[in-house]
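>>> Output the structure for:
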Amino acid sequence: MKRLFNQVVALVAAVTLATVATSVSASASPAAHVSDPTSRTAGPGHLLADGLDGALGSTVGPDGALYVVEGVAGRIARIDPRTGHTSVFASGLPKRVVPGLGGATDVAFLGRQAYALVTLVSPDVGGTSADGIYRIDGPTSSTLVADIGTWSIDHPPKTAFEVPSGVQFALQAYRGHFLVTDGHHNRVLEVTRGGAVSELRAFGDIVPTGLAVQDRTIYLAEAGPVPHLPQDGLVVAFRPGGTGVRQVASGAPLLVDVELGRDGSLFALAQGHFTPGHPAGSPADPGTGLLERVHRDGTMTPVAQGLDRPSSLEIIGSTAYVVTLTGQVWTFGVGGHAHH
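Below you'll find the model as predicted:
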């Protein structure tokens with residue numbers, strides 16, 4: 001166990017060493033209009049919500065609301081995208097075992113049914129629960145439908161690893177089932193609603209993180225290995241059954257998410273600059289995160305910069321919603337301009 005995490009590179013950097021002092025309140029908290037989260041944004045930002053306990057992944061639900069997982073608290077928050085009113089949508093999920101990372105990491109819907117992705121809570125890291133996809137059955141109840149941790153132990157990756165059960169990161173609904181990234185085992189998994197797990201695409205040491213889909217095309221963010229140089233931060237695209245992976249864009253440090261906007265525009269979220277010499281598993285430097293617009297020529301330009309350790313991105317209409325490891329949700333205006 002002594003070297004358990006020293007090879008869990010950029011993915012763990014997206015979920016570690018961020019502590020939040022307060023919990024989600026079921027009552028509305030006032031959203032303060034600000035022009036700059038850290039005095040270095042490229043455009044006006046709006047603090048929509050605060051106080052999330054171990055925030056990481058997010059999704060837009062069938063009701064149009066924003067849903068954000070809270071790994072420390074073992075729950076999912078529902079946030080009104082207009083007012084910032086925050087309430088508990090579901091609780092009772094396995095809580096974080098390893099300080100700074102794990103627990104509930106993402107949320108997705110198939111139709112009106114919610115599911116949560118939970119990682120690093122299994123016995124191989126000192127936990128007592130299962131890593132995988134949980135169906136949300138009610139406000140305080142859930143059911144494990146896919147034991148990804150056990151499958152991962154039984155089907156180890158070809159790349160080097162330290163955590164046998166893997167470090168799952170993103171959960172994406174796709175054509176009636178799920179896609180799951182494992183940033184430690186360097187692969188994208190396909191998981192059926194009934195719980196069958198298979199390897200969809202394996203990679204080298206690129207640290208796959210966020211996902212987005214458009215028809216049959218899957219967009220994937222790559223954080224890249226330590227020290228997470230901008231040239232290693234890629235957005236790529238591929239299709240199930242195909243053999244090729246197409247590079248869409250590059251040039252952002254420690255990419256953690258990718259999302260499609262209206263009219264096919266594409267955006268990427270970078271956690272920011274990683275100081276060389278910091279331990280593997282450390283997050284990016286505070287206040288260096290970037291929300292990037294992807295262009296047709298494969299370059300990216302910032303819509304907002306100076307973000308404090310962002311972890312997840314959603315686009316609703318012309319607004320980007322950025323979740324941070326510090327338990328906040330910020331909004332930024334974005335336009336169209338499709339990348340393809």
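
>>> For A104, list the residues it contacts.
Contact analysis of A104 by C-beta atoms under 8 Å, 6 or more residues apart in numbering lists 54, 56-57, 69-71, 74-76, 93-94, 116-118. Glycine gets a C-beta too; all of them are placed from N, C-alpha and C.

>>> The residue nearest to it when sequence neighbours are not counted: neighbour count?
Residue nearest to A104 in three dimensions, not counting chain neighbours: V69, with 4.0 Å by C-beta to C-beta, 6 or more residues apart in numbering. If you count neighbours by other C-beta atoms under 10 Å, V69 ends up with 31.

>>> how about V69, what does it touch?
Here V69 is in contact with 54-58, 75-77, 103-107, 116-117 (C-beta under 8 Å, 6+ apart).

>>> again with A173
By C-beta under 8 Å, 6+ apart, the neighbours of A173 are A108, F109, L110, V213.

>>> tell me the pLDDT at the last one?
According to the per-residue confidence, V213 scores 98 in pLDDT.

>>> Alpha carbons of stretch 289-298, as CSV, please.
The C-alpha trace of stretch 289-298 is given here as CSV (Å, rounded to 0.1, in the frame of the first residue of the first chain):
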residue,chain,number,x,y,z
GLY,A,289,-7.6,26.8,-14.6
LEU,A,290,-8.9,27.5,-18.1
LEU,A,291,-12.2,27.2,-19.9
GLU,A,292,-11.2,26.8,-23.6
ARG,A,293,-13.0,27.1,-26.9
VAL,A,294,-11.9,24.5,-29.4
HIS,A,295,-11.3,25.7,-33.0
ARG,A,296,-11.4,23.9,-36.3
ASP,A,297,-7.6,24.2,-36.7
GLY,A,298,-7.0,22.2,-33.6
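
>>> what helix or strand does the residue nearest to A104 sit in?
In this structure, V69 sits in strand 66-70 according to DSSP states H and E.

>>> With I218 instead?
strand 217-222.

>>> from the chain's centre, how far out does that strand sit?
12 Å (C-alpha atoms, centre = their mean, to the nearest Å).

>>> got the angle for the following helix or strand past that strand vs strand 217-222?
Of the helices and strands lying after strand 217-222 in sequence (DSSP H and E), the nearest is strand 234-238. With axes from the mean of the first three to the mean of the last three C-alpha atoms, to 10 degrees applied, the angle from strand 234-238 to strand 217-222 works out at 150 degrees.
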